[in-house]
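Q: return atomic coordinates for the entry below.
(3 chains)
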Amino acid sequence: MADYKNEFGLFAERPKVEKKLFDRNKVIAGLVIFIVMITIPLWQNLGKIVAAPVPSLDTPVIKKLAEKDKKCVMPKEWMRANHMQMLVDWRDNVVRTKEPNVTISRGREFVAPDGKQYLASLTNTCMECHSNKVEFCDKCHNYAAIAPNCWGCHLETGKKMAEAK
Amino acid sequence: MAKTPTPAELLPGLSYKPPEKGWMDVKPDFRPGTYCNPASPKWMEWINYPYPAARSIPEDEWALPQDWKEIVLQGMEDRLNRFRSLKLFFDICVRCGACADKCHFFLGTGDPKNMPVLRAELLRSVYRRYFKTIGRALGEIAGARNLTEDVIKEWFFYLYQCTICRRCSLFCPYGIDMAEMTLLGRELLASVGLNIDWAMASVAQCYDKGSHIGAPPQAFKDMIDFLAEENERVTGITTTPSYNRKGAEVLFVMPSGDYFADPGTFTMMGYMLLFEHIGLDYTLSTYAAEGGNFGWFISHEMGKRLNAKIYAEAKRLGVKWILGGECGHMWRVCNQYMSTWWGPVDFLEKPVSPITGTRFENAAVHKMVHISEFTADLIHHGKLNLDPQRNAHIKLTFHDSCNTARGMGILEEPRYIINNVLPEGNFVEMPPNTIREKAFCCGSSSGINANENMELRMQGGFPRANAVRFVHDKYGVNHLGCICALDRATLPTLLEYWVPEVGVTGISELVGNALIFPDEMERTTDLRDRDLVGFGELAEEAGEEEE
Amino acid sequence: MDFFKRHFFVALSAVLGLIIIAYVGARGNLQLVFGVVVPYMAALIFVEGLVYRVIQWARSPVPFRIPTTAAQGRSLPWIKRDLGEKLDNPADTPHLIGRMALEVFAFRSLFRNLRTELVKDPDNPEGARLIHWSYKWLWLGAIAFHYAFLVVILRHLRFFTEPTMGFVLMLDKVDGFFQFFTPAVYLSGVVLVAAVGYLLFRRITNPTVRYISLAADYFPLLLILGIGITGILMRYFFKTDIVAVKELAIGLATLHPKLPANLSSLFYIHLFLVCVLFAYFPFSKLMHAPGVFMSPTRNMVCNNRWVMHVNPWNYPVKFHSYAEYEDKFREPMIEAGIPVEKEQ
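A: Purely as a prediction, here's the structure:
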């Protein structure tokens, strides 16, 4: 009995564990699934170079504008991030509250920072210049996968014109 | 020995509110009654365990070997390499606390370090300090701490306040099993000479003589023969077992608790009556006289060293298969480890019941059948002549042993037997959140059923006893049934303390009570010499008394 | 400072520190670092770290088959088990897959959760008793948090793919189903922040959970809370040019990184916190995600008795052989009439 080596202490002959991956196939399969799933965007975009959308300003109305009038109701940078907020405020003021809104418009009136007055209207103001919904609005919206609900009520200007004719 | 406080003294002090001080700064309070004595060097020398010494726990002198720290850390590294479970359970705990109020020791003591999550942190904090870069760099704020003698003492205190029952593992969203960490932590303690006497003595005796109680072969035979005589005295039926008989069909292995002390002995009598009833060709072994395995409570290796005797003896005797008695941790060991430890068991046959012809497909490789499966199969095939009225004095509830419930999955078989050997309406279940896979432990398993830690045992068993109290008060339950020898050894003490009106019985004892033999004498008492209800001259009187 | 405060405030300061770093970086012309270099590094650390950690786990074997049997096991043919029992104690691989799927997708084990309390009971001689009741709040909080986070992550795929995958558009629609506020409020974002808030609140106010919590527990919660809040701020209050965000994201995903000029500091803070979360993931408790797949108490079939499990480092042990035993006890055995192998 005294010569028996057990697992303990200084006289231990510790059981040796092979240096390898146990349950190799299952573990590797799991990791492969994980890596494939996590890198789906990479595969999906593989070899593509996606250019940022450039909304077109090429409409008859804009072309006619004098160079100094070629500007939006608010600064371009601001509009890129906040136009949806402005449109919703317009909508609420016009359709629902009809109250002067301290931030952005009064009833149907909108006063731009430079003092110029506009009619608060998507169809009549925004889309007068930007009559090219597909080339202007949709370009970024599609790119960023956004489905604004403007078009639930509003008709595209182009269509309206066509129908009117 | 410390005086154990009474239930009424114990409960008012019980609160689940943790102390103000952070847990790393709280040292264990080695109050008499709450810890197990360290192992006497004698036992450790018997089985060649390292660093035997006479130790005294409350004293500061724990006689650790000089390089204890290296040994422990090396041991930890070694076990991390051998057990994925340990590595994983150290790494993935999110400390959600779902396990906290699942532990019977936490519910019984209110000591936050008995929350499984924190018990694990006791080990994990050391793992972080020595095996994780972030722990090495940031120390306490990363939940890491140095391995000091105080930490070792804390491990000793709390790892022997875990009964490896796995209730926490059931509720853990990742299945983190405190039992696994407790076992491996105890191995680390053993590697520097720290063991508990109760378990170590049992292991040494079992290794040397054949069973935990240390009975040499002749004493083992004496005890069984005595129980056979008792059977004859009560029922008039001769149940003569054979010992170490080659060529028997079945080797029957039971835990030593079943032939050593009441009320386990009545279960043993029940086994023998059952085997006599069906004419089973079985033998007992004086060498593999122990189904239980305290070795596993100390280390996986020691578990294997004790367990190996069962297959070795089955092989030597040339039996066809093995039948195992009612025992919790024995069956967890037999289920989880036995065939892995031994390897292919090609010298035995696929177990087939010689009475019913049932092939036990679920034991096809491991070749060992649980007595409850075996009995349930007999009853199902109508092979037993049973009179449930002979158990009419017993109003039973059933305690699922943690090991068979969560480490094996035997829940229905004993219930099926109970429903067939008890009169209708005499079996009621405890509240659903305290039985089956959610069963509460007896509070004294895993080698800590010693006497010196009685207060702790009574605290740990409180949730179980409390559920028994509930069915006792509500339905008049007077017996707690179980299929575990440790339960039969520890629950009587526990119930005596919390619910003294309720006794403990094995399921095979109930079977023994109910069996009708053609040539039996008139039965007026059960195996415990208690009068039966509605039998013999005393029938009416006894019936009234029972009411 | 006590244990709780130390750990909580370290985590809080760490998150605040990260926010300041990102802010300073965005203001200080380090957009290239915070917009391109850090995200790539974080992604690399995340993938490599996670793979490394999983492989480290896999380098240790599973010596024993130790599944937690959470229901009746396979037994005699007439002991019937319903589907729930078969899944809680799987006897074959299909059911095991079912168990793991329930565990991973429905947090099965946490769903079992109970709450146990000691209540005064004058009818009991001991004066008190334990009551156990089903307690699903933790499960609800956890599942709400994880699914909300998943939806949020999947929704963000619209920045990384062109054209955006169909299911992302669909998810977007469903998530924004209740069209209040502009842009439409995403339910997932609200649920995410609410659930993280609940988990954090619970960690701080529940005395036992607070007692066991480390900085490593507060940090991810605060970090994710920070990510959620900056995201919500950006979407609803301090709007960022979303086209520019996509330009950056798609540039990263097509490996042609491009740095648009029009990105706010808030965006950089958001992005940096996300990067930190990803880079932190493999070295933290967040590894419970891959870990649950490898947990031996859950991912093994409960078939010990009819399929042998092999322990790769199984080694022979010395046990007291029968021969030794008989040598020791031969005389009394013969005397007691117990058969022996050798008569002397």
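Q: spit out the contact partners of C:P77.
A: B:E361 (Cβ atoms under 8 Å, 6 or more residues apart in numbering or on different chains). No exception for glycine: its C-beta is placed from N, CA and C like everyone else's.
Q: wait, a helix at it?
A: No. Assigned with DSSP: H, G, I helix; E, B strand; the rest coil, C:P77 falls outside any helix and is coil.
Q: so how far is chain A from it?
A: 31 Å (Cβ to the nearest Cβ, to the nearest Å).
Q: in the stretch 51-200 of chain C, which spans are helices?
A: In the stretch 51-200 of chain C, the helices defined using DSSP state H, counting those that start in this stretch lie at C:83-88, C:93-106, C:108-111, C:137-155, C:157-160, C:166-175, C:187-205.
Q: same list, these, but as a markdown table with distance to chain A and mean neighbour count please.
A: Formatted as a markdown table, the helices of the stretch 51-200 of chain C follow (distance: least, Cβ to the nearest Cβ, whole Å; neighbours: other Cβ atoms under 10 Å in any protein chain shown):
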| stretch | distance to chain A | mean neighbour count |
| --- | --- | --- |
| helix C:83-88 | 20 | 18 |
| helix C:93-106 | 11 | 16 |
| helix C:108-111 | 19 | 22 |
| helix C:137-155 | 9 | 18 |
| helix C:157-160 | 4 | 21 |
| helix C:166-175 | 6 | 15 |
| helix C:187-205 | 15 | 18 |
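Q: and the residue of chain B found nearest chain A, how many neighbours?
A: Taking Cβ to the nearest Cβ, chain A has its nearest neighbour within chain B at B:P50, 3.3 Å off. By other Cβ atoms under 10 Å in any protein chain shown, 18 other residues sit near B:P50.
Q: how about the residues of the stretch 101-250 of chain C near chain B?
A: C:103, C:107, C:109-110, C:112-118, C:123-130, C:132-134, C:138, C:142, C:206-217 (Cβ under 8 Å from any Cβ of the partner chain).
Q: near chain A, which residues of chain B show up?
A: Residues of chain B lying close to chain A by Cβ under 8 Å from any Cβ are B:48-51, B:65, B:71, B:75, B:78, B:81-82, B:84, B:187, B:190-192, B:299, B:301.
Q: thinking again about what came up before, so the residue of chain B closest to chain A sits against B:S191, correct?
A: Yes. Counting by Cβ atoms under 8 Å, B:P50 touches B:S191, with 6.5 Å between them.
Q: picking up where we left off before, any chance of the helices of the stretch 51-200 of chain C in a markdown table, plus mean pLDDT?
A: As requested, these are exported to a markdown table (pLDDT from 0 to 100):
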| stretch | mean pLDDT |
| --- | --- |
| helix C:83-88 | 94 |
| helix C:93-106 | 95 |
| helix C:108-111 | 94 |
| helix C:137-155 | 95 |
| helix C:157-160 | 90 |
| helix C:166-175 | 87 |
| helix C:187-205 | 94 |
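Q: redo the ones you listed as TSV? Include distance to B:R95.
A: Converted to TSV, these look like this (distance: least, Cβ to Cβ, whole Å):
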stretch	distance to B:R95
helix C:83-88	25
helix C:93-106	19
helix C:108-111	14
helix C:137-155	12
helix C:157-160	32
helix C:166-175	31
helix C:187-205	8
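Q: what's the closest of these to C:W306?
A: helix C:93-106 (13.6 Å; Cβ to Cβ).
Q: other SSEs contacting the closest one?
A: helix C:83-88, helix C:108-111, helix C:288-294 (3 or more Cβ pairs under 8 Å, 6 or more residues apart in numbering or on different chains; DSSP states H and E).
Q: if we go to 7 Å?
A: Judged by 3 or more Cβ pairs under 7 Å, 6 or more residues apart in numbering or on different chains; DSSP states H and E, helix C:93-106 is in contact with helix C:83-88.
Q: other residues contacting the helix it packs on?
A: By Cβ atoms under 7 Å, 6 or more residues apart in numbering or on different chains, the list of residues contacting helix C:83-88 from outside reads C:A70, C:A71, C:Q72, C:H95, C:G98, C:R99, C:L102.
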